[in-house]
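**Q** Give me a 3D structure for the following:
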Amino acid sequence: MKNQNLTSWIARLLLVMLGLGIPFAASASDRNNIFSGPTGAWLLDVAFPAAPNAPPPPPPFKETLTFHVLGTVSESNTLLNENSYNPALDQGCGFTGPNGSLELNCNGGEGTGSWQRTGRKTLSFVVLKFVYDGVTNAHVGYLRVSGNLRFSNDEITQESGESLTEILIGTDPDSAIAIPLGGADAFGVRIQ
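**A** Take a look at the predicted model:
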C-alpha cells in the first residue's frame, strides 16, 4: 500500500513537471535541440549608426535579451538603466535641446515584451521599458524597441534597417507622443 501511494505521488509529480515545462536531465543531443531555437539568454553588443541631419547617436552599449518559451522576452542594457551612470542624467530628462535637437537625459528600467518566430532562423520582437526623469525620477514615458533578428545556435544579429527604437512621451503608451530614434545594429552570443 505504501509503495502504491509513493508510485502514485511520483507519477502525479512527473505529470505536473511536464505540464509546467520543467526540463528533465537530457542527453547532449537533446540539449542541442533545446538550444537550436532562440529561447534562452543572449549577450549583445548594440550600436546606433550615425544618421545625416540627426543628433549624434549614443555610444555603443551591452544588452541582454532572454527569449522565454511561451513568447515573452526580458531585456536590460548598460545605456538606459537605473544602475548605469550617464553624465547627461545630471541635466534632467529634457526631450528638446538647443536648436530643436533631441536630448534624452533619462533613466530606464528593465524591459519586457513579446516575440514570435517569423521563419526557421528569424524572429520579430517588441520590448517596452519605463523611462524616468534622470533628476526627479518621475515616470515620463516609455522606450519601445521593435525589430527582427536572425539567429543560429550560437549567434544572434540585427541590422539597423530591421529595427525601430522610439521614445513614447506620456504615461499611457497607447496615447503617447512617439519620437523615432532609428534602428540599431546588434550582434550577440548565447549565454551558456
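**Q** what element comes up after the helix-or-strand element of the chain with minimal mean pLDDT heading to the C-terminus?
**A** Lowest on mean pLDDT, DSSP states H and E among the helices and strands of the chain sits helix 28-34, with a mean of 43. For helix 28-34, the succeeding helix or strand toward the C-terminus, using DSSP states H and E, is strand 40-47.
**Q** Can you tell me which helices and strands that next one packs against?
**A** strand 61-67, strand 185-190 (3 or more C-beta pairs under 8 Å, 6 or more residues apart in numbering; DSSP states H and E). For the C-beta atoms, the positions are set from N, CA and C on the backbone; glycine is no exception.
**Q** Of those, which is nearest residue 168?
**A** For the helices and strands packed on strand 40-47, the distance to residue 168 is smallest for strand 61-67, at 19.1 Å, taking C-beta to C-beta.
**Q** what does the very next helix or strand once past the closest one rub up against?
**A** Heading C-terminal from strand 61-67, the first helix or strand you meet, by DSSP H and E, is strand 72-77. Strand 72-77 is contacted by residues 46, 61-68, 110-115, 125, 127, 129, 145 when judged by C-beta atoms under 8 Å, 6 or more residues apart in numbering.
**Q** Just the buried residues out of those, in PyMOL syntax.
**A** Buried members of the contacts of strand 72-77, defined by 16 or more other C-beta atoms under 10 Å, are picked up in PyMOL with:
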select buried, resi 46+61+63+64+65+67+111+113+115+125+127+129+145
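**Q** so where do the helices sit in this structure?
**A** Using DSSP state H, the helices of the chain run over 2-20, 28-34.
**Q** Just give me the lowest mean pLDDT stretch among these.
**A** Note on the helices of the chain: helix 28-34 shows the lowest mean pLDDT, a mean of 43.
**Q** Of the helices and strands packed on strand 40-47, give the one that comes closest to residue 139.
**A** Nearest of the helices and strands packed on strand 40-47 (C-beta to C-beta): strand 61-67, 21.9 Å.
**Q** Just checking: what are the partner strands of that closest one?
**A** Strand 61-67 sits in its sheet next to strand 40-47 (antiparallel), strand 72-77 (antiparallel), going by DSSP bridges.
**Q** and residue 149, which of those is closest to it?
**A** Each of these has some distance to residue 149 by C-beta to C-beta; the shortest is strand 40-47, at 9.0 Å.
**Q** Quick one: mean pLDDT over that closest one.
**A** Rounded mean pLDDT across strand 40-47 is 96.
**Q** quick one: it to strand 185-190, angle?
**A** 150 degrees (axes from the mean of the first three to the mean of the last three C-alpha atoms, to 10 degrees).
**Q** what would the strands paired with strand 61-67 look like in TSV with distance to residue 121?
**A** Compiled in TSV, those are given as follows (distance: least, C-beta to C-beta, whole Å):
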stretch	distance to residue 121
strand 40-47	14
strand 72-77	17
